[in-house]
Each structure stands twice: as structure tokens, then as C-alpha cells.
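Asks: give me a 3D structure for the following:
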Amino acid sequence: MTRSTLPTAVVLAASATLLLTACGGSDGGEKIDGVETSKPLTTPPSPSASQTGSAQRPVITLPSDVKDVFDGGQTGDPVKDAVLADNAEGIKAVDAAIVAGKASTPAVRFYYDGEGAVTMTEWVQSFLTHKNTTTGTVRYYKRDVTLKGATSATLIYCADESKAFNKSRTTGKITTTPVTKNSYIVYNTRLEKNKQGVWQTIKMISQRGAAQCQP
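Replies: Alright, predicted model coming up:
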């Protein structure tokens, strides 16, 4: 259906394995009712710039027809702002992987780790399996960070996918869909700050049609 989430049919058919997992349940975050968390999986470690210094963040570029718009980002708290910034770059990294037709890229592994990295790889692969890419604009809003300590945080945010769609890789045809309540999604994520200072998303869950995200 849209760019930064699985096609709707895939979400409905495979929610037990492909839905994002988050800071719900035993991790102390807010669990979204009715959304299952994915099973623990392993993934290759994220690339390191050094053991102690700041990481050199990858440069991520998207084609002109693919846009991510992020509301907020300047909370007045530099730590929360860093969480929001790395989350936003991670979202862009996933979109860039979808466009590139690669299930995983160094940029995705840079911003995602653990279950989060595995989920993102499966997520991108679902687009490739269906021979789709993405086009349009997704707006991210109501982005609320809660710090859980010096190196842990939760981030809950909404996505408006009413102006983003699947595009066939083979024909270039854009599959437009009507705007419904399911065009609006809530994400509940957990991030951890690694040794290089990057806030990596390690778990997440999502739910379409969330009441708190409706316009």
C-alpha cells in the first residue's frame, strides 16, 4: 500500500512474523493491543566507526518521488533530539533499501540492531518478493520520546501514509488506494544507544488504524 510499511495484504496475512516488534511487554514499554511481537532472531552486528569515538553516519539519498517528512525534532532536550534524528535517518535508510532493491544495506544495519534489524530486512524483502518499490510521501508526527536511562529510550509516533503507494518494479504502475483509517499507523519502538553514540532501533510494533493517529 505505502512506502514505509509492508503492503496491506502482507500485513494482514503475516502479522505474526512480519509485524514490527517494539518496546512492549517485558521491555517495559507500552504494548499495542492485538499486535504480536516477532520471535527473537539474530543479525550481524552493526558496523562500527570506532570503539570509542562518534560514528560517521551514512549519507542517505532518496529519489525525488520518495519523501519522508518528520514533524518535530527540536524538543529542547539534546538527548531526545538525538533519538528523533537517528530514528528519522533509520526510516530513510529502510526506504532507500526498498528503492535500491536490497533486503539489507549498511545504512539499515547502522540504525537497526537485534530484532529490529531482522524485522527491517524481512520488511524490505516483502517488497522485493512482490516486485514492488515505493513512491509518494509519508509524514511522521506525534513523535514522543521517553528516556529510560542514559542509553535507552522509547519512541512512539504516527505515520500518515495517505499519499504514499506501491509502485511495480516491472511496469512502473502505481497502485493507488483510497484513504481510510488504515492509512494512519502508530509505531511503538525501543532504541538503545551503542558505543559509537548511535541510537539504534532494536524492537518495534505497529498497528494500522490507530485511534491516536487519525486526523
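Asks: so Tyr140: helix, strand or coil?
Replies: Of the three states, Tyr140 takes strand under DSSP: H, G, I helix; E, B strand; the rest coil.
Asks: quick one: contacts for it?
Replies: Asp68, Val69, Phe70, Asp71, Ala88, Ile91, Tyr157, Cys158, Ala159, Asp160 (Cβ atoms under 8 Å, 6 or more residues apart in numbering). (C-beta placed from N, C-alpha, C; glycine too.)
Asks: residue boundaries of the helices in the protein?
Replies: 8-13, 15-18, 78-100, 106-111, 114-129 (DSSP state H).
Asks: mean pLDDT lowest for which of these?
Replies: Ranked by mean pLDDT, the helices of the chain bottom out at helix 15-18, with a mean of 27.
Asks: and the residue nearest the centre of the protein?
Replies: Among the residues of the chain, the one closest to the centroid is Ile91, at 4.7 Å (Cα atoms, centre = their mean).
Asks: by neighbours, which of the contacts of Tyr140 wins?
Replies: Ala159 (26 neighbours; other Cβ atoms under 10 Å).
Asks: quick check: closest non-adjacent residue to that residue.
Replies: Leaving aside its chain neighbours, Ala159 sits nearest to Ile185 (4.6 Å; criterion: Cβ to Cβ, 6 or more residues apart in numbering).
Asks: before we move on, what about Gly197?
Replies: Nearest non-adjacent residue to Gly197, counting by Cβ to Cβ, 6+ apart: Ser54, 5.0 Å away.
Asks: count the residues that sit near that neighbour.
Replies: Ser54 has 10 nearby residues by other Cβ under 10 Å.
Asks: what are the ranges of the strands in this protein?
Replies: 66-70, 132-147, 152-168, 174-175, 184-193, 199-208 (DSSP state E).
Asks: so which of the ones you listed comes closest to Lys102?
Replies: Checking the strands of the chain against Lys102 by Cβ to Cβ gives strand 132-147 as the closest, at 11.4 Å.
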